[in-house]
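A.B. asks: coords please:
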Amino acid sequence: ELASFDWIKQFSREALEAELNNLDPKPRFTGPFRPYKHQLAGFLIGLHFPEFLYFLDLATGKTRIPLDLIAYSKLRGEKPRVLALVPNVANIENWVMEIETHTPTLNYVPLFGSSEERLQLLRRKADLFIINYAGFAALCSTLQAKTDKKRKRKVDDDKLVQVIQGFTGMVLDESTALMNHSSLIYK
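C.D. replies: I've put the predicted structure just below:
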């Protein structure tokens with residue numbers, strides 16, 4: 001059973017901002033817009049519960065919450081190296097736009113191209129790497145021998161370790177893409 005965090009909705013914007021002002025260092029939210037109240041609440045929850053699963057409606061600014069958390073970890077002197085998995089290639093571009101708008105202090109690498117090109121890009125120094133689920137699955141799997149007229153991909157543990165080593169965190173955007181427990185992406 002999941003814990004409910006509905007109680008945080010009772011706090012006013014002023015109360016949430018007061019809590020943020022007590023942090024050391026104080027967060028620096030950048031970009032043309034102040035964070036919405038639910039983004040402030042999500043930020044505070046994420047500080048205390050890094051594995052938090054956010055269930056927010058579409059187009060409510062969910063992407064800003066992990067971006068602000070990554071930027072804050074950098075502000076605290078940490079060296080974040082986060083992998084963000086998104087549903088499709090178009091979402092990679094959306095993340096790039098969100099980063100440039102709200103957290104321009106983050107260094108990011110969008111992972112496009114062949115598996116070899118993406119592996120090369122993973123060698124770069126950056127705070128955030130963005131890849132689509134299918135691209136991530138391709139990086140971490142191998143094609144198996146032909147059975148039933150099909151070639152299936154299977155998770156390759158060595159490739160998986162090679163890809164994820166050195167990451168300090170992971171963001172699963174629209175994680176409903178992982179619903180089918182028998183799919184390669186889920187595995």
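
A.B. asks: For F43, which residues are in contact?
C.D. replies: By CB atoms under 8 Å, 6 or more residues apart in numbering, the residues touching F43 are L20, P27, P35, I65, D68, L69, Y72. Heads up, the C-betas are built off the backbone N, CA and C, glycines and all.

A.B. asks: from these, which is closest to R13?
C.D. replies: P35 (9.5 Å; CB to CB).

A.B. asks: that older thread, in CSV, list the contacts of F43 along with neighbour count, pLDDT and distance to W95.
C.D. replies: Formatted as CSV, the contacts of F43 follow (neighbours: other CB atoms under 10 Å; pLDDT from 0 to 100; distance: CB to CB, whole Å):
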residue, neighbour count, pLDDT, distance to W95
L20, 17, 97, 24
P27, 19, 97, 20
P35, 22, 94, 17
I65, 24, 95, 13
D68, 25, 97, 13
L69, 23, 97, 14
Y72, 22, 97, 18
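
A.B. asks: biggest separation within these, which pair?
C.D. replies: Spatial extent of the contacts of F43 (CB to CB) is set by the pair L20 and I65 at 13.2 Å.

A.B. asks: Just the ones in helices from the contacts of F43, please.
C.D. replies: L20, I65, D68, L69, Y72 (DSSP state H).

A.B. asks: Setting aside sequence neighbours, what's the nearest residue to the last one?
C.D. replies: In other words, Y72. P27 (5.2 Å; CB to CB, 6 or more residues apart in numbering).
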